[in-house]
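1. Kindly return the folded structure for what I paste below:
(4 chains)
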2 protein chains.
Amino acid sequence: MRVVIAECSVDYEGALVAHLPLATRLLMVKADGSVLVHSDGGSYKPLNWMAPPCSMTELDPDEAEREEGVQAVWLVRHGKREDTLRIRLYAVHSDTAHELGVDPGLVKDGVEAQLQALLAEHITTLGEGYTLLRREYPTAIGPVDILCKDADSGTVAVEIKRRGDIDGVEQLTRYLELLNRDPALTVRGPVQGVFAAQLIRPQARTLAVDRGIRCVTLDYEALRGMDDAESRLF
Amino acid sequence: MRVVIAECSVDYEGALVAHLPLATRLLMVKADGSVLVHSDGGSYKPLNWMAPPCSMTELDPDEAEREEGVQAVWLVRHGKREDTLRIRLYAVHSDTAHELGVDPGLVKDGVEAQLQALLAEHITTLGEGYTLLRREYPTAIGPVDILCKDADSGTVAVEIKRRGDIDGVEQLTRYLELLNRDPALTVRGPVQGVFAAQLIRPQARTLAVDRGIRCVTLDYEALRGMDDAESRLF
DNA sequence: GTGTGGATTTCGCGT
DNA sequence: ACGCGAAGTCCACAC
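-> Numbering: from 1, shown residues only, chains lettered A, B, ... in the order given. A predicted model of the protein is given here:
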């Protein structure tokens, strides 16, 4: 990895056209050729970048550029798309390279999958007498997170989100529409919908209620607590 | 901005739990205190990070850590949430700091707003005799990108996307439902929907057609070309 | 401040 | 490879 601190201006042309005026920034050139332009603030997102696969060529500045004080020009081209990143270097404060090697990568734990597993395990959180049919119940337009039965053997489809947005309600609505065409699932009446999330946004709740979908707020800590209490019994 | 190349392991606890095994990585500490952990590949996204506002404390390793070869521990805490990032440094290869100053920021051009402006200007792209009513037509659930009339004075609502996904079709469907409750707009029949995008995904197209929404693929270059040809006339 | 929609989104999974 | 859904999404703009 090459790390350069330099006064530079940047021009990107591809999906959009973007320009960065002259300022001091950090330039990162990764082993795969990708280039990142970072400022000293903002978030983890660079001001500008070129995604791999791509290649970088160092050009000599032309006459006009030289007069303006440009010392070097980096031309970064994407391997497949018509994307170019042109970095004009006016002053290089630091230029170093380091051998990093391949990264073993991130180990994650505790996202939507975890919520789904916990809720499936403690399906009675949704109501007395609920029983799990299956997780990831397949339909033509995608898998339903959880399919279960209520105390009266009525079918219930559950959509789980970390944050409950309108999109999630729409998604569940499409599933319900499809599931309700299956006679085997509707023997005890139409399939009910449950929208379960750690946080349900007001507009999403309104839409859900309007469509007869029940909203359930999930307490991740409480679910995990149940799990722990259970495991301590064995 | 502080830039450190070091052998390190990283543990994040917050919205999720994540761990990075020991490896050589680049650590970036920005002026606002945010910390980025980058590997020598991937995209612009760091392997792990802490978003501002946050504060970093350098701790001495405890006994167990010292035995394992840990030289220093960075504890990064988020200012508002219960998020912590713990970076254990085993060997520091480089540690430098640079004054970058405030960045003037990115100047953008050519995204959805541009597409909308171009299509509004050349509304007959949608059909002979079409006339623009207005852009960003306000409704209770948000603005409709373009509202126009067809040759028979029927109202047409247009949703514009760079990439046409199912979400966009749902969005337009909600708008149409609302617009069709307005008698003033439905004098010449129900409001028609047009889903316009540079690329329309098959599933989105299927859903749109199923709902009687017309799909139009936008040619950004062609629209811009019309614009140029027009401006040359004046 | 909060909520909503877009993104040069990126990432990962399943077909 | 492609399509689709999630993300510790981030970010700007409207209310």
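
2. Can you tell me which residues in chain A are near DNA strand C?
-> A:12, A:14-16, A:18, A:48-51, A:83, A:105-106, A:165-166, A:201-204 (C-beta under 7 Å from any atom of the strand). Where C-beta positions appear, they are placed from N, C-alpha and C, glycine not excepted.

3. List phi and psi for A:Glu170.
-> Taking degrees, to the nearest 10, you get phi -60, psi -50 for the backbone angles of A:Glu170.

4. again with the one 10 residues further on
-> According to degrees, to the nearest 10, the main-chain angles of A:Asn180 amount to phi -70, psi -10.

5. So which of the residues of chain A next to DNA strand C are in strands?
-> Of those, the ones assigned to strands by DSSP state E are A:12, A:18, A:48-50.

6. Which one of these sits in the busiest neighbourhood?
-> Using other C-beta atoms under 10 Å in any protein chain shown as the neighbour criterion, A:Met50 leads those with 28 neighbours.

7. Pairing partners for it in the sheet, please.
-> A:Val35 (DSSP bridges).

8. Pretty sure it sits against A:His78.
-> Yes - counting by C-beta atoms under 8 Å, A:His78 is a contact partner of A:Met50 at 6.2 Å.

9. Any stretches of chain A with poor pLDDT?
-> Applying pLDDT under 70 to chain A flags residues A:110-111, A:141, A:227, A:231-234.

10. Distance of the residue of chain A found nearest DNA strand C relative to A:Glu170?
-> Closest to DNA strand C within chain A is A:Gln203: 2.8 Å, counting by C-beta to the nearest atom of the strand. In this view, A:Gln203 and A:Glu170 are 12 Å apart by C-beta to C-beta, to the nearest Å.

11. So these two - more neighbours on which side?
-> More neighbours surround A:Glu170 than the other of A:Gln203 and A:Glu170, with 22 against 13 (other C-beta under 10 Å).

12. How far does stretch A:161-170 stretch from one end to the other?
-> Taking C-alpha to C-alpha, to the nearest Å, stretch A:161-170 runs 13 Å from one end to the other.

13. same question, stretch A:8-25
-> 7 Å.

14. Touching it from outside, list them.
-> A:5-7, A:27, A:37-39, A:47-48, A:50, A:78, A:81-90, A:93, B:98-101, B:103-111, B:162 (C-beta atoms under 8 Å, 6 or more residues apart in numbering or on different chains).

15. okay, now the domains of chain A?
-> A:2-97, A:112-233 (automatic domain parsing).

16. How about the contacts made by the nearest residue to the residue of chain A closest to DNA strand C once chain neighbours are set aside?
-> Using C-beta to C-beta, 6 or more residues apart in numbering or on different chains and skipping residues adjacent in sequence, the residue nearest A:Gln203 is A:Ile166, 5.8 Å away. Going by C-beta under 8 Å, 6+ apart, A:Ile166 touches A:201, A:203-204, A:207.

17. I'd like the distance between A:Ile166 and DNA strand D.
-> Distance of A:Ile166 to DNA strand D, computed by C-beta to the nearest atom of the strand, to the nearest Å: 12 Å.

18. what does A:Ala18 give?
-> When A:Ala18 is compared with DNA strand D (using C-beta to the nearest atom of the strand), they lie 12 Å apart.

19. ok, which stretches of chain A are helices?
-> A:63-68, A:112-121, A:166-179, A:202-210, A:220-233 (DSSP state H).

20. to the chain's geometric centre, what's the distance from the fourth one?
-> Relative to its chain's centre, helix A:202-210 lies at 23 Å (C-alpha atoms, centre = their mean, to the nearest Å).

21. any residue of that helix up close to DNA strand D?
-> No - on the criterion C-beta under 7 Å from any atom of the strand, helix A:202-210 is out of touch with DNA strand D, staying 12.4 Å away.

22. List the buried residues for that helix?
-> By neighbour count on 16 or more other C-beta atoms under 10 Å in any protein chain shown, the buried set for helix A:202-210 is A:204-205, A:207-208.

23. and chain A, which of its residues are near DNA strand D?
-> Residues of chain A lying near DNA strand D (C-beta under 7 Å from any atom of the strand): A:42-45, A:108, A:111-112, A:141-142, A:161-163, A:167-168, A:171.

24. Report the buried members of these.
-> For the residues of chain A next to DNA strand D, buried by 16+ other C-beta under 10 Å: A:42, A:44, A:161-162, A:168, A:171.

25. how about those in TSV, adding distance to chain B?
-> Formatted as TSV, these follow (distance: C-beta to the nearest C-beta, whole Å):
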residue	distance to chain B
A:Gly42	8
A:Tyr44	5
A:Lys161	13
A:Arg162	8
A:Gly168	11
A:Gln171	9
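
26. what's the most distant pair in those?
-> A:Gly42 and A:Gln171 (31.9 Å; C-beta to C-beta).

27. residues in contact with A:Ile87?
-> A:8-10, A:27, A:35, A:37, A:73-74, A:76.

28. and what of A:Leu179?
-> A:Leu179 is in contact with A:139, A:144, A:147, A:155, A:157, A:185, A:191, counting by C-beta under 8 Å, 6+ apart.

29. So which of those is the closest to chain B?
-> Among those, A:Thr139 lies closest to chain B (C-beta to the nearest C-beta), at 13.3 Å.

30. partners of the closest one in the sheet?
-> A:Gly142.

31. Go ahead and confirm it touches A:Leu176.
-> No - using C-beta under 8 Å, A:Thr139 is not in contact with A:Leu176, being 10.2 Å away.

32. who has more neighbours, these two?
-> A:Leu176 (20 against 14).

33. ok, for that one, nearest residue in space, not its chain neighbours?
-> In space, A:Leu176 is closest to A:Gly193, 5.0 Å off (C-beta to C-beta, 6+ apart).

34. if I look at the one you found, how far off is A:Ile146?
-> 11 Å.

35. what touches both of these two?
-> A:157-158.

36. Alpha carbons of stretch A:78-94, as PDB, please.
-> The C-alpha atoms that make up stretch A:78-94 are tabulated as PDB, following Å, rounded to 0.1, in the frame of the first residue of the first chain:
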ATOM      1  CA  HIS A  78     -11.400   1.500 -14.400                       C
ATOM      2  CA  GLY A  79     -10.800  -1.800 -16.000                       C
ATOM      3  CA  LYS A  80     -14.300  -2.300 -17.400                       C
ATOM      4  CA  ARG A  81     -16.300   0.900 -17.100                       C
ATOM      5  CA  GLU A  82     -15.600   4.300 -18.700                       C
ATOM      6  CA  ASP A  83     -14.500   5.700 -15.400                       C
ATOM      7  CA  THR A  84     -11.400   8.000 -15.000                       C
ATOM      8  CA  LEU A  85     -10.000   9.700 -12.000                       C
ATOM      9  CA  ARG A  86      -7.400  12.400 -12.700                       C
ATOM     10  CA  ILE A  87      -5.400  13.600  -9.700                       C
ATOM     11  CA  ARG A  88      -3.200  16.600 -10.200                       C
ATOM     12  CA  LEU A  89      -0.400  16.800  -7.600                       C
ATOM     13  CA  TYR A  90       0.900  20.300  -6.800                       C
ATOM     14  CA  ALA A  91       3.100  19.400  -3.800                       C
ATOM     15  CA  VAL A  92       4.000  16.100  -2.200                       C
ATOM     16  CA  HIS A  93       4.500  16.200   1.500                       C
ATOM     17  CA  SER A  94       5.000  12.500   2.100                       C
END
